[in-house]
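J.: pasting the sequence and the predicted coordinates here, then a few questions.
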Amino acid sequence: MWNQNYDPLGWWPLSTLVSALPVLTLFFVLLVLRKRVWVSALCGMVMAIILAAALFHMPAPLIAAAGVNGFVFGFFRIAWIVIASIYLYNVSVETGQFQVMKESIAGLSSDRRLQVILIAFCFGAFLEGTGGGGAPVAIAGSFLIGLGFPHFQAATLCLLANTAPVAWGGVGNPIRVLNGVTGLPIHELNAMVGRILPPFSFILPAWLVVTMVGWRRALEVLPALLVSGASFAAMQFYWSNYQETGLVDIVAAIFSLLVMVAFLRLWKPRHLMEEGEGERTIELRAHGLGAVLKGWSPFALASVFIFLWALPGFSQYLKIPALTFPTPWLHNAVIRTAPVVPVPTPETASIDLNFFALPGTAVLLGAFLAALVLGIGVGRALRLLGQTFRQLVPSMLAISFMVGLAYVTRYSGMDTVMGLSLTRTGWIYPFFGTLLGWLGVALTGTDAGSNALFGNLQKVTAEQIGISPVLMTSANSAGGVMGKMIDAQSIVVASTACRLEGREADVFKAVFWHSIVLASLVGLLVLVYAYVTPWVIPG
């Protein structure tokens, strides 16, 4: 048994600064020294290990177990779906169907601005809702590149688009995690998040296009931006407030996509933006319905498998209980203490090796089946999978080191030290508490991870200062989604999928200020809900 210490230096500002050193080391090596992201993540993890041992006096076996736990989680939960997503893309290219797909999208609209909305926003939100885990950025980014978008632009736009849907990613997993760690009613949490994020879903298409081409060219497609944002936001609000948790993103994305398809049959921009400087021209062909369905078959099969894997009634048969077990030396050995929890509470730790139940396996099976149906053959499909593995070795290392770092900081208490510093802000805590969720996602790489890390802390702090715990725990998730675009795992996924290995620092700098501004806007809205319009809060 080892108790976490949230002020090892006896002065919370200094303890907070030292606790931030692993993350600061990572970004220093990445942005200043401009080393590869896996080298940066390794340096950050080494710093976390040194601090955990020397400053926090965490026993060496616990540090080692936390690092191994992070490695396993990073490969199975994150790297695996990246591998599967890139393999899916490679299969579609190898069979020639990717050309048909991009031509069918271009057939809806050859305008670059509208293609971004259809693919990065609508299709990306669907992928986030069904599986998440990097698939929206990896697949949508590859899609945009196939349409002729510059690689760097494709990466940054897909990172920006993968924000507002993240709170319901993986069939609503972040909301379920929030319910599990706080004990608050899941329908109230779902509804509250559904009252924070829809305004940002509404503006997100415009934000994307303005980022891409500036205000003047964005205003030329304003009707389409309003239709896509309003349709998605309206369905996101309705489903989260009056239906259930799991299908919020999926239903909103499909609804918005269908509305956009119908709208684009009635309306066209006066001035098309078909290609820009630095973009390559693609030759378009018309295709019949059968050819289009065949072209989309790899992604359609993968989506069907993802959706099937997400159904509890089916996924339960894919899980072998013996493959989920407590992490040796770590499970219940770390004790969380006040003020994070009201009474000393052991921190659980488990390793889940249920390979067949993973979303990445669903994508991989869909891609492999599509390869066979489209005539590649077993041998050729397996060789393509091997090529994909070799291509992604640096990314797998980066993800493993990054999640290893996150797990060491989590179990040593370093990330909690940083979080607690934001709870000292008094009446303006609703704003900074929202940024705490943003910090959590930036550190852990997932909204669910941030909710697991800071959800109960948000509840305890809200009760202490007399505001709604439902609001602040929901704000943790809603603010967290804006940190998704800057966490190192997402940067790795975007850079790998968009063929930008070695330019991770440039991608990070391009999206960082968007992340800060959007997270601050969420915080301001939460501040309004807390003190000006508390009647908005359910319960």
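T.: Okay, I see it.

J.: which residues are in contact with stretch 451-466?
T.: Under the contact criterion Cβ atoms under 8 Å, 6 or more residues apart in numbering, stretch 451-466 has outside partners 174, 177-178, 180-182, 184, 339-342, 410, 415-416, 419-420, 423, 426-427, 429, 433, 436-437, 440, 443-444, 468-469, 471-473, 475-477, 480. C-beta: built from backbone N, CA, C; applies to glycine.

J.: which of those count as buried?
T.: Using 16 or more other Cβ atoms under 10 Å as the burial test, the contacts of stretch 451-466 include 174, 177-178, 181-182, 184, 340, 410, 415-416, 419-420, 423, 429, 433, 436-437, 440, 443-444, 468-469, 471-473, 475-477, 480 as buried.

J.: list the contacts of residue 202.
T.: 229, 230, 232, 233.

J.: what comes up buried for the lengthiest helix in the chain?
T.: In the chain, taking DSSP state H as the definition, the longest helix is helix 504-531. By neighbour count on 16+ other Cβ under 10 Å, the buried set for helix 504-531 is 504-508, 510-511, 514-515, 518-523, 525-527, 529-530.

J.: do the same with stretch 135-143
T.: In stretch 135-143, counting by 16+ other Cβ under 10 Å, buried: 135, 136, 137, 138, 139, 140, 141, 142, 143.

J.: contacting residues for the fifth one?
T.: The neighbours of residue 139, taking Cβ under 8 Å, 6+ apart as the test, are 85, 88, 89, 123, 124, 127, 299, 497.

J.: any chance of CSV for those residues, columns neighbour count, secondary structure and pLDDT?
T.: Listed next are the contacts of residue 139 as CSV, based on neighbours: other Cβ atoms under 10 Å; DSSP: H, G, I helix; E, B strand; the rest coil; pLDDT from 0 to 100:
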residue, neighbour count, secondary structure, pLDDT
85, 32, helix, 76
88, 26, helix, 84
89, 23, helix, 80
123, 22, helix, 88
124, 28, helix, 90
127, 29, helix, 81
299, 24, helix, 79
497, 29, helix, 80
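
J.: burial count for residue 99?
T.: For residue 99, the number of neighbouring residues by other Cβ atoms under 10 Å comes to 18.

J.: tell me how far it lies from residue 35.
T.: Using Cβ to Cβ, to the nearest Å, residue 99 is found at 37 Å from residue 35.

J.: show me the contacts for the residue most central in space within the chain.
T.: Centre of the chain computed as the mean C-alpha position; nearest residue by Cα atoms, centre = their mean is residue 484, 4.9 Å away. Residue 484 makes contact with 159, 162, 163, 166, 441, 447, 490, according to Cβ under 8 Å, 6+ apart.

J.: show me where pLDDT drops low in the stretch 101-250 of the chain?
T.: Applying pLDDT under 70 to the stretch 101-250 of the chain flags residues 131-133.

J.: just the chain next, same as before
T.: Of all residues in the chain, those with pLDDT under 70 make up the ranges 78, 131-133, 275-286.

J.: the residue nearest to residue 112 when sequence neighbours are not counted in helix, strand or coil?
T.: Nearest residue to residue 112, sequence neighbours excluded (Cβ to Cβ, 6 or more residues apart in numbering): residue 273, at 4.9 Å. Here residue 273 is recorded as coil under DSSP: H, G, I helix; E, B strand; the rest coil.

J.: how close does residue 273 sit to residue 148?
T.: Distance of residue 273 to residue 148, computed by Cβ to Cβ: 12 Å.

J.: which helices and strands does the host helix or strand of residue 27 pack with?
T.: Using DSSP states H and E, residue 27 maps to helix 21-27. Judged by 3 or more Cβ pairs under 8 Å, 6 or more residues apart in numbering; DSSP states H and E, helix 21-27 is in contact with helix 37-54, helix 393-412.

J.: neighbouring contacts of it?
T.: Residues contacting helix 21-27 (Cβ under 8 Å, 6+ apart): 40-41, 43-45, 47-48, 51, 402, 405, 408-409, 414, 443, 488, 508.

J.: tell me how far it lies from the chain's centre.
T.: Computed by Cα atoms, centre = their mean, to the nearest Å, the chain-centroid distance of helix 21-27 equals 21 Å.

J.: now stretch 472-492
T.: How far stretch 472-492 lies from its chain's middle: 7 Å, per Cα atoms, centre = their mean.

J.: just the closest of the contacts of residue 202 to residue 328, please.
T.: Distances from residue 328 to these, taken as Cβ to Cβ, are shortest for residue 232 (44.9 Å).

J.: correct me if wrong, but the closest one is in a helix.
T.: Yes: assessed by three-state DSSP, residue 232 belongs to a helix.

J.: tell me the contacts of it?
T.: 121, 122, 125, 201, 202, 252, 253, 255, 256.

J.: same check, this time on residue 146
T.: 93, 98, 99, 101, 102.

J.: and with 10 Å instead?
T.: By Cβ atoms under 10 Å, 6 or more residues apart in numbering, the contact list for residue 146 reads 89, 92, 93, 98, 99, 101, 102, 103, 105, 119, 154, 282.

J.: ok, residue 456 to residue 114 distance?
T.: When distance is defined by Cβ to Cβ, residue 456 is 43 Å away from residue 114.

J.: those two: who's more crowded?
T.: Using other Cβ under 10 Å, the more surrounded residue of residue 456 and residue 114 is residue 114, with 26 against 23.

J.: could you find the closest non-adjacent residue to that one?
T.: Nearest non-adjacent residue to residue 114 (Cβ to Cβ, 6+ apart): residue 224, at 5.7 Å.

J.: in the host helix or strand of the one you found, what's buried?
T.: Remark: residue 224 resides in helix 222-242, with elements defined by DSSP H and E. For helix 222-242, burial by neighbour count (16+ other Cβ under 10 Å) applies to 224-225, 227-241.

J.: could you point out which element follows that helix?
T.: Sequence order places helix 248-266 as the next helix or strand after helix 222-242, per DSSP H and E.

J.: export stretch 482-491 to PDB, keeping only CA atoms.
T.: Taking C-alpha atoms only, stretch 482-491 is exported to PDB below (Å, rounded to 0.1, in the frame of the first residue of the first chain):
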ATOM      1  CA  MET A 482     -11.200  20.500 -27.000                       C
ATOM      2  CA  GLY A 483      -8.000  19.000 -25.700                       C
ATOM      3  CA  LYS A 484      -8.300  16.000 -28.000                       C
ATOM      4  CA  MET A 485      -6.700  17.800 -31.000                       C
ATOM      5  CA  ILE A 486      -3.400  18.500 -29.000                       C
ATOM      6  CA  ASP A 487      -2.800  15.300 -27.100                       C
ATOM      7  CA  ALA A 488       0.300  13.500 -28.400                       C
ATOM      8  CA  GLN A 489      -1.600  10.400 -29.400                       C
ATOM      9  CA  SER A 490      -3.900  12.400 -31.700                       C
ATOM     10  CA  ILE A 491      -0.900  14.200 -33.100                       C
END
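
J.: show me where the stretch 301-450 of the chain has its helices.
T.: 312-315, 359-373, 378-391, 393-412, 414-422, 429-444, 447-465 (DSSP state H, counting those that start in this stretch).

J.: in TSV: the buried residues of stretch 135-143, plus distance to residue 366 and secondary structure.
T.: Shown next, in TSV, are the buried residues of stretch 135-143 (distance: Cβ to Cβ, whole Å; DSSP: H, G, I helix; E, B strand; the rest coil):
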residue	distance to residue 366	secondary structure
135	11	helix
136	16	helix
137	18	helix
138	14	helix
139	12	helix
140	16	helix
141	19	helix
142	15	helix
143	16	helix
